[in-house]
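A.B. asks: sequence plus predicted model, see below.
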Amino acid sequence: MTGAPLLEARGIGKSHGGVVALRDVSVVVRAGEVTCVLGDNGAGKSTLIKVLAGVHRPDRGVLLVAGEETRFASPREALDRGIATVHQDLAVVPLMSVWRNFVLGSEPTRGFGPLRLLDRRRAREVTRSALAALGVDLRDVEQPVGTLSGGERQCVAIARAVHLGAKVLILDEPTAALGVKQAGLVLRHVARARDRGLGVVLITHNPQHAYSVGDRFLLLERGRVVNSHMKSGIGPVGPAAGMAGGAGAALERELRGDAG
């Protein structure tokens with residue numbers, strides 16, 4: 001594949017005191033691909049997220065954005081470079097409406113100078129349009145976010161990141177606490193984000209979910225990369241043998257765009 005990756009980490013190392021969290025970890029994120037990072041608790045997935053998102057500075061190794069070596073001073077700086085992270089807690093205000101959460105921090109306004117006011121009508125329109133563009137179907141953007149299902153909240157967070165101009169979307173265990181139906185909903189929207197040309201990093205401990213949408217797979221164990229594959233080199237008996245048939249196989253066909 002030609003062109004520099006949207007985001008690349010080379011030989012990343014990170015220690016916390018005497019504990020080595022990451023050792024010589026490399027990962028590539030390309031446009032229109034889902035890179036899945038798998039591993040059990042303590043494998044180093046959370047530390048890798050924080051390095052990619054600008055929360056932690058690596059002790060060793062380099063980060064490259066569009067081929068340019070970069071050192072993020074903060075998550076805000078990473079976001080300004082098009083790298084958005086959706087954490088497990090989603091950073092939403094449950095009692096606020098969907099649209100208020102959606103525009104939080106980037107509110108459209110009307111008026112001039114110190115008299116500028118929140119443009120509520122525009123904010124609602126922006127929210128509805130952005131959700132519809134990613135295929136997120138909600139009954140009412142006025143409803144509190146806390147009344148949505150876990151899967152719907154994840155989808156709203158994904159749509160918000162896309163709307164704000166993310167080029168790389170990092171998802172931290174988005175299906176961890178969800179049932180089969182809700183997990184399928186989230187994975188469909190992960191696939192839609194990929195199909196819009198985003199580079200997606202999916203952090204998960206669930207190989208079935210990873211295989212459904214993934215193009216690249218990175219397996220971490222105790223801070224080290226123990227396996228790295230493209231999907232074409234794994235086959236259905238790889239990390240998702242449990243999805244060989246039934247609903248899992250049907251979901252995979254839908255996510256990959258197969259008519260069959």
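C.D. replies: Sure thing, it's come through.
A.B. asks: would you list every one of the helices in the stretch 151-260 of the chain?
C.D. replies: Assigned by DSSP state H, counting those that start in this stretch, the helices in the stretch 151-260 of the chain fall at 180-195, 207-213, 246-256.
A.B. asks: rank these by pLDDT, which is bottom?
C.D. replies: When the helices of the stretch 151-260 of the chain are ranked by mean pLDDT, helix 246-256 comes last with a mean of 55.
A.B. asks: in contact with Gly113, which residues?
C.D. replies: Contact partners of Gly113, counting by C-beta atoms under 8 Å, 6 or more residues apart in numbering, are absent. C-beta: built from backbone N, CA, C; applies to glycine.
A.B. asks: any idea how far Glu107 is from it?
C.D. replies: According to C-beta to C-beta, to the nearest Å, Gly113 and Glu107 sit 16 Å apart.
A.B. asks: which SS class is Trp99?
C.D. replies: When classified by DSSP: H, G, I helix; E, B strand; the rest coil, Trp99 comes out as helix.
A.B. asks: so it sits against Arg124, correct?
C.D. replies: Yes: taking C-beta atoms under 8 Å as the definition, Trp99 is a contact partner of Arg124 at 5.0 Å.
A.B. asks: between these two, point out the one with more neighbours.
C.D. replies: Between Trp99 and Arg124, counted using other C-beta atoms under 10 Å, the more crowded position is Trp99 (23 against 19).
A.B. asks: which residues are in contact with that one?
C.D. replies: Listed by C-beta under 8 Å, 6+ apart, the contact set of Trp99 reads 123-124, 126-128, 141-142.
A.B. asks: so which of these belong to helices?
C.D. replies: Secondary structure from DSSP state H places 123-124, 126-128 of these in helices.
A.B. asks: most neighbours among these, which one is it?
C.D. replies: Thr127 (25 neighbours).
A.B. asks: how close does that residue get to Gln182?
C.D. replies: For Thr127, the distance to Gln182 (C-beta to C-beta) stands at 21 Å.
A.B. asks: neighbours of Ala177, just the number please.
C.D. replies: 12.
A.B. asks: flag the shaky bits of the stretch 101-250 of the chain, pLDDT-wise.
C.D. replies: The model of the stretch 101-250 of the chain has pLDDT under 70 over residues 233-250.
A.B. asks: strands along that one, start to end?
C.D. replies: Ranges of strands in the stretch 101-250 of the chain, per DSSP state E, counting those that start in this stretch, are 109-110, 117-118, 168-172, 199-204, 216-221, 224-230.
A.B. asks: closest to Ala84 out of these?
C.D. replies: strand 168-172 (5.6 Å; C-beta to C-beta).
A.B. asks: neighbouring strands for the closest one, and are they parallel or not?
C.D. replies: If you go by DSSP bridges, strand 168-172 pairs up with strand 83-86 (parallel), strand 199-204 (parallel).
A.B. asks: circling back to that earlier point, closest one to Ala31 out of the contacts of Trp99, please.
C.D. replies: Val126 (24.5 Å).
A.B. asks: residues in contact with that closest one?
C.D. replies: Counting by C-beta under 8 Å, 6+ apart, Val126 touches 99, 102-103, 108, 163.
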